[in-house]
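Q: need coordinates for the below:
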Amino acid sequence: MTKILVVEDEAIIRTALRKLLERNKYEVSEAPSVREATSKFQLTDFELIISDLRLPGAPGTDLIKLAGDIPVLIMTSYASLRSAVDSMRMGAVDYIAKPFDHDEMVTAVKRVIGKSSAAKRDLVPNNDSSKVTGMIGSSDVMKKLYSRIAKVAPTDATVLIHGETGTGKELVARSLHEQSRRHKELMISVNCAAIPETLIESELFGHEKGAFTGAASTREGLVAAADGGTLFLDEIGELPLEAQARLLRVLQEGEVRPLGSVESRKVDVRLVAATHRDLRTLAQEGKFREDLYFRIHVIQLELPPLRERGRDILQLAEALLTRYCHQFNKPTLKLSPEAIQAITTYTWPGNVRELENAMQRAVILCEDEREISHDLLAIDLDLVRLDEEDDNPYMQVGNSLSRSRPTHQDPPEDLSLEDYFQRFVLEHQDTMSETELAKKLGVSRKCLWERRQRFGIPRRKSGTTAAK
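A: The predicted structure follows:
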């Protein structure tokens with residue numbers, strides 16, 4: 001509850017103001033003078049101080065300096081522009097004239113507290129999702145990532161970002177650049193897998209006129225274009241060995257030599273590389289230069305897959321839903337309970353990129369003006385994840401059963417789970433709908449239907465059973 005200190009020498013006004021603020025859910029303390037306020041209370045314990053301008057002993061404006069960053073709202077029965085301006089110049093956050101209207105006072109208090117809270121949020125370093133532009137999430141693994149980015153970004157150390165496809169490696173690279181001393185210079189992004197092997201060296205390092213067939217003019221490479229800034233090489237594991245040798249020279253000597261040139265040019269670039277592959281294994285197999293691997297493996301940032309980010313999944317889904325509703329001029333939509341269950345139990349092999357596609361597709365195809373149904377997500381609901389924090393036995397049974405699906409015969413140790421599944425369905429199918437049964441078992445409706453077929457448990461068409 002927000003704490004407010006009222007400093008007013010008139011007991012009737014002080015009591016009336018306290019009761020007014022308490023009715024509006026504020027915690028209120030009182031004092032008749034500046035001296036008693038400072039001796040009786042710690043001013044920094046309050047979110048707002050409301051003080052009369054004229055008090056016995058010392059004026060209310062003395063509280064402005066004594067309170068430090070705590071906002072002070074000045075009341076004055078001398079509602080002249082001069083007294084108001086003088087108070088504001090001394091640092092009062094606002095003023096209100098007596099006798100004041102109750103609604104006017106409550107509105108002023110809400111406005112002042114709101115501005116103060118916003119200012120505090122701006123001043124406090126945010127170790128949460130705003131640390132990486134475009135990334136959303138407050139799970140422990142993401143907080144650790146944000147913290148490490150904040151430590152690494154101000155340096156010029158080479159960074160290797162490792163993570164599955166779709167986890168946001170370029171967003172991390174962008175954040176590293178924006179939080180570095182090079183943020184005013186360019187960040188050049190290159191997808192090594194998207195450029196043909198015959199052109200990659202020319203694109204990266206440039207070429208002289210006539211260096212090869214088709215080189216009609218001299219061209220500066222992307223490494224030189226990133227001079228003073230950051231070079232981001234995505235999917236560096238796809239870089240040909242010849243190009244790797246040239247890149248190693250850039251890192252070791254700080255110079256680049258265009259194809260067909262006899263002269264080298266000094267460059268100052270910070271390298272940030274990314275890959276979803278195991279570069280150490282590739283180096284052992286001779287598919288990646290070992291010396292380059294050790295050169296770029298200074299700092300490694302590991303991006304967690306979406307399935308390991310817990311409640312971030314739903315937070316991301318809702319943020320994407322809001323974004324696409326706005327983008328496609330749709331009314332504000334919500335996720336249905338079934339859609340939430342599907343989103344939070346699906347393994348998301350394509351990670352955030354797959355979630356983006358699913359939400360975009362659902363918004364475009366949705367004809368309901370209120371909510372997104374799970375079928376619009378068009379995801380394979382049999383791919384569910386094991387939530388280690390979930391102690392729901394039905395969820396554990398459902399997860400075990402869905403994981404055993406690829407085999408034609410469950411292993412012996414799962415027989416008790418099969419028996420439990422069958423018994424639970426038989427006992428409750430007359431009183432529960434298919435949706436309720438699936439939810440209790442922690443599986444999708446499709447998975448429930450397939451289990452029915454497998455175990456030979458047909459659905460009963462009784463009136464108490466909801467239609468599928």
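Q: quick check: buried residues in stretch 361-373?
A: By neighbour count on 16 or more other Cβ atoms under 10 Å, the buried set for stretch 361-373 is A362, V363, C366, I372, S373. All C-beta spots, glycine's among them, are computed from the backbone N, C-alpha and C.
Q: need the max-distance pair from those.
A: Greatest spatial distance among those (Cβ to Cβ): V363 and S373, at 12.0 Å.
Q: looks to me like I340 is in a helix.
A: Yes: applying DSSP: H, G, I helix; E, B strand; the rest coil, one finds I340 inside a helix.
Q: isn't it up against Q315?
A: No: shown here, I340 and Q315 do not form a contact pair, counting by Cβ atoms under 8 Å, at 11.6 Å.
Q: re earlier: secondary structure and pLDDT for the buried residues of stretch 361-373 - can I get that in CSV?
A: Output for the buried residues of stretch 361-373, formatted as CSV (DSSP: H, G, I helix; E, B strand; the rest coil; pLDDT from 0 to 100):
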residue, secondary structure, pLDDT
A362, helix, 92
V363, helix, 92
C366, coil, 90
I372, strand, 90
S373, coil, 87
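Q: could you pull out the strands for the chain?
A: 3-7, 27-31, 48-52, 72-76, 94-97, 159-162, 187-191, 230-234, 255-256, 265-266, 270-275, 299-302, 334-335, 371-372 (DSSP state E).
Q: which strands and helices sit next to the last one?
A: Judged by 3 or more Cβ pairs under 8 Å, 6 or more residues apart in numbering; DSSP states H and E, the packing partners of strand 371-372 are strand 334-335.
Q: strand partners (parallel or antiparallel) of the strand it packs on?
A: Strand pairing for strand 334-335, using DSSP bridges, gives strand 371-372 (parallel).
Q: show residues contacting the strand it pairs with.
A: For strand 371-372, contacts defined as Cβ atoms under 8 Å, 6 or more residues apart in numbering pick out L321, L333, K334, L335, S336, A339, A362, V363, C366.
Q: wait, P304 sits on D140?
A: No: P304 is beyond contact range of D140, at 9.7 Å (criterion: Cβ under 8 Å).
Q: more crowded one of those two?
A: P304 (20 against 10; other Cβ atoms under 10 Å).
Q: by mean pLDDT, point me to the weakest helix or strand of the protein.
A: helix 393-403 (a mean of 37; mean pLDDT, DSSP states H and E).
Q: what about the stretch 351-468 of the chain, any weak spots by pLDDT?
A: 380-421, 441-443, 450, 454-455, 460-468 (pLDDT under 70).
Q: where do the helices sit along it?
A: 351-365, 393-403, 415-428, 434-441, 445-455 (DSSP state H, counting those that start in this stretch).
Q: how about the stretch 151-300 of the chain?
A: 169-178, 200-205, 222-225, 241-253, 279-284, 290-296.
Q: so what's the spatially most central residue of the chain up against?
A: In the chain, the centroid-proximal residue (Cα atoms, centre = their mean) is I136; its distance is 1.1 Å. Residues near I136 by Cβ under 8 Å, 6+ apart: S129, D312, Q315, L316, A319.
Q: which one of those is nearest I13?
A: I13 lies nearest to S129 out of those, by Cβ to Cβ, at 45.4 Å.
Q: re the thing from before, kindly present the strands of the chain as CSV, with separate columns for distance to L63.
A: Below are the strands of the chain laid out as CSV (distance: least, Cβ to Cβ, whole Å):
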stretch, distance to L63
strand 3-7, 7
strand 27-31, 10
strand 48-52, 5
strand 72-76, 5
strand 94-97, 13
strand 159-162, 49
strand 187-191, 49
strand 230-234, 49
strand 255-256, 63
strand 265-266, 60
strand 270-275, 50
strand 299-302, 48
strand 334-335, 46
strand 371-372, 51
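Q: those: which one's closest to K144?
A: Closest of those to K144 is strand 299-302, at 9.3 Å (criterion: Cβ to Cβ).
Q: ok now that closest one, how far from the chain's centre?
A: Relative to the chain's own centre, strand 299-302 is displaced by 19 Å; criterion: Cα atoms, centre = their mean, to the nearest Å.
Q: strand partners (parallel or antiparallel) of it?
A: strand 159-162 (parallel).
Q: contacting residues for the nearest residue to A358 once chain neighbours are set aside?
A: Among residues not flanking A358 along the chain, L377 sits closest, at 4.8 Å (Cβ to Cβ, 6 or more residues apart in numbering). Each residue near L377 by Cβ under 8 Å, 6+ apart is listed here: A339, A342, I343, A358, M359, R361, A362.
Q: how near is L377 to N357?
A: According to Cβ to Cβ, to the nearest Å, L377 stands 10 Å off from N357.
Q: quick revisit: where's the residue nearest to the centre of the chain relative to R323, distance?
A: For I136 relative to R323 (Cβ to Cβ), the value is 10 Å.
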